[in-house]
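1. Pasting the sequence and the predicted coordinates here, then a few questions.
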Amino acid sequence: MGLAARREPATVIWIRHKDGVQFNLDLNLLSKDLAYAGVRLMVVSDSVEAMRAATSLGPALRCVNQNWRRSSPDSGREFIERLQSLCGKHQRHVPVLVLSHTVLGSRELQEEVRLVGEEPALFDPAASPQGFARLVEWIFRRCVGIEKSVTFVRHAEAEHNATGDWNIPDPALTPKGEQQARSLAAERPPEVATAQVLLTSPLRRTLQTTLLAFGTAGLPVVCESLIQEGGGAACDTGSDKASLRQWFAGTGLNFEGLHDQWYMKEGINEVARLNERMMRLTGFIRQRSETELVVVAHGIVLRELLGLEKERSAVGLSWENSGGFENCECRRYWLLSSGTWLAAPDPRIAPPLNGAGGGDLQKKPKLGACG
């Protein structure tokens, strides 16, 4: 396993025995999804072929998904030990996820995998969307690195959304918008339960959405001017701190971190500098100590930050909804170690399977929209 610099992309070896179904996942579709993020999926039929590939790949090999044959109870451990011996000569570790019905159903084998320093998959990626999401996250963390997991939320319906009047200054939520936010509180995504902080735009509609949708979540709330809407109309312009203190007295929101002219469309807040501001926002998120966040933002900001509705040079992720956010819609994204945003698999979308049901993942429904 050479240590010279290589141009091969980060690679995961997938050992899929010829006679084994191994969860019946559609590896062709999974390969396309991984390739979109710069990860190559190399499917081999046995451990002998896997070792040859590992030797050839060198540093490009980042992880292995391995089966464990029922007919050969020692095969899995033997492969792990051979791979560890190969990698140990170069002082590196290539993590192995043992993805096997045999191990999934045996606590004894699970413990055996742990004893040799690797990880047994305690989930079936084909049985549930949550299992598939866990598999994809495991691969991405080891191949390209995930720095942050962020649940983005667009504010609920506000007066300008309902009327089409962009001249309304810093508009408030409509009654429908208030109900959307309350519904989101009742249907709170599971990611919110593990979030460590909530960042919100200081415009009135985002602050109202934050309080109504997440006020009981127990999260510390940070008002961040970088998240304010990107347009220059009156509806996209915030209010001074005195007005915010008056409107949100007694709510616990703190505006001391905002500078006095935070809402002025000048400097970094100029409409023409939105892309630059989004890069600054990404840097701000990267610098925070929290790894799981909720961000309440606006439609234009989310389109620019996440690259939505832009012409793509390659086919996007099969699970990604690349259109704009609806009012009060939630989506989870990963901030990769490269500094780019990648849509995370939605835990409500079926995994890609060979045969019947394999196309469900490609429908890209708009999920989490309460309005």
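-> Thanks, I have the structure now. Numbering: from 1, shown residues only.
2. Please count neighbours and contacts with C-alpha atoms only from this point.
-> Fine.
3. immediately after the helix or strand encompassing L207, which helix or strand?
-> Assessed by DSSP states H and E, L207 sits inside helix 204-214. Proceeding N to C from helix 204-214, the next assigned helix or strand is strand 221-223, under DSSP H and E.
4. Which secondary structure elements does that next one sit against?
-> strand 197-200 (3 or more Cα pairs under 8 Å, 6 or more residues apart in numbering; DSSP states H and E).
5. What pairs with the strand it packs on, parallel or antiparallel?
-> strand 221-223 (parallel), strand 292-297 (parallel) (DSSP bridges).
6. In this structure P125 contacts F132, no?
-> Yes. Taking contacts as Cα atoms under 8 Å, P125 lies within contact range of F132: 4.0 Å.
7. Spell out which residues are contacts of both of these two.
-> P351 (Cα atoms under 8 Å, 6 or more residues apart in numbering).
8. In three-state terms, how would W334 be classified?
-> Following DSSP: H, G, I helix; E, B strand; the rest coil, the label given to W334 is strand.
9. burial count for L203?
-> Burial of L203 is recorded as 28 neighbouring residues (other Cα atoms under 10 Å).
10. scratch that, T55
-> T55, neighbours per other Cα under 10 Å, totals 15.
11. One more: Q261?
-> 13.
12. Any idea which of the strands paired with strand 197-200 gets closest to Q208?
-> Comparison of the strands paired with strand 197-200 against Q208 by Cα to Cα identifies strand 292-297 as nearest, at 10.2 Å.
13. Run through who's touching the closest one.
-> In contact with strand 292-297 (Cα under 8 Å, 6+ apart) are residues 148-155, 192, 194-201, 206, 209-210, 227-229.
14. How about stretch 154-168?
-> Contacts of stretch 154-168 (Cα under 8 Å, 6+ apart): 171-174, 176-178, 180-181, 205-206, 209, 233-236, 296-299, 302, 325-330.
15. which among these end up buried?
-> Buried by 16 or more other Cα atoms under 10 Å: 171-174, 177-178, 180-181, 205-206, 209, 233, 235-236, 296-299, 302, 325-330, out of these.
16. R286: which element?
-> helix 274-287.
17. follow-up on the earlier one: could you check the angle the helix holding L207 makes with strand 292-297?
-> In terms of direction (axes from the mean of the first three to the mean of the last three Cα atoms, to 10 degrees), helix 204-214 departs from strand 292-297 by 140 degrees.
18. helices and strands around helix 204-214, which ones?
-> helix 175-186, strand 197-200, strand 292-297.
19. Between the ones you listed, which one is closest to S106.
-> Here strand 292-297 is closest among the helices and strands packed on helix 204-214 (Cα to Cα), at 32.3 Å.
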